[in-house]
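# I would like to see how this sequence folds:
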Amino acid sequence: MLLGKESTMLQSTQERRVMRRFDMRLPASVKVDGVALDEFLTETQNVSARGVFFYLDRPVAEGSNIEVTLTFPPHVTLTDSVRVRFRARVIRVETPLPASRVGVAAMIEEYEFLRSASAEEMLNETQ
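Sure thing, here's the model as predicted:
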């Protein structure tokens, strides 16, 4: 019986992430659905293909829908900077003591690549 409990405990503490996370400190802006016209500036702590983790200076409810915009720099993309905006859902909120900053883990649900200002200017010049 004890052996069965130990294996269950090991399974429950195993890593549940499917995608590898990359420690990336990237400037980001976050908009929270239901919060009128507020945009919070922050920095990502880590990013994966399916999720992101960052800190905010105010609490966000688990399950909240958010919009995050960030720019991947040339040393990450190995080309020009790439701006990405994605919709995500908050799946975990970590409140440290004292509650000065709140950790937010969000699962990315959809994303879009944004044109840089210079690319838009070039497009307008050719028209």
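
# now do stretch 32-52: distance to the chain's middle.
6 Å (CA atoms, centre = their mean, to the nearest Å).

# any idea how far apart the tips of it sit?
15 Å (CA to CA, to the nearest Å).

# and what of stretch 63-81?
With CA to CA, one end of stretch 63-81 sits 31 Å from the other.

# neighbouring contacts of that stretch?
Contact with stretch 63-81 is made by 24, 26-34, 44, 47, 52, 54, 60, 82-90, 104, 106, 114, 116, as judged by CB atoms under 8 Å, 6 or more residues apart in numbering. Any C-beta I mention is one placed from the backbone N, CA and C, and that applies to glycine too.

# take those residues and keep only those in strands.
Within those, residues falling in strands by DSSP state E are 27-32, 44, 47, 52, 54, 82-90, 104, 106, 114.

# of those residues, keep whichever come out buried.
Neighbour-count burial (16 or more other CB atoms under 10 Å) is assigned, among those, to 28, 30-32, 44, 47, 52, 54, 84, 86-88, 90, 104, 106.

# output the below-cut-off pLDDT ranges for this protein.
Applying pLDDT under 70 to the chain flags residues 1-19, 36-37, 99, 116-127.

# list the buried ones in stretch 98-105?
102, 104-105.

# I figured residue 82 hits residue 113, correct?
Yes. Taking contacts as CB atoms under 8 Å, residue 82 lies within contact range of residue 113: 6.4 Å.

# now do residue 72 against residue 64, distance only.
24 Å (CB to CB, to the nearest Å).

# also residue 81?
28 Å.

# between the two, who's got more neighbours?
residue 64 (18 against 13; other CB atoms under 10 Å).

# contacts only, for residue 107.
Contacts of residue 107 by CB under 8 Å, 6+ apart are 50-51, 88-89, 91.

# which one of those residues is nearest to residue 38?
residue 88 (16.5 Å; CB to CB).

# quick one: residues contacting the residue most central in space within the chain.
Centroid-nearest residue in the chain: residue 52, 2.7 Å away (criterion: CA atoms, centre = their mean). Taking CB under 8 Å, 6+ apart as the criterion, residue 52 is in contact with 28, 44, 46, 68, 86, 88, 105-106, 108.
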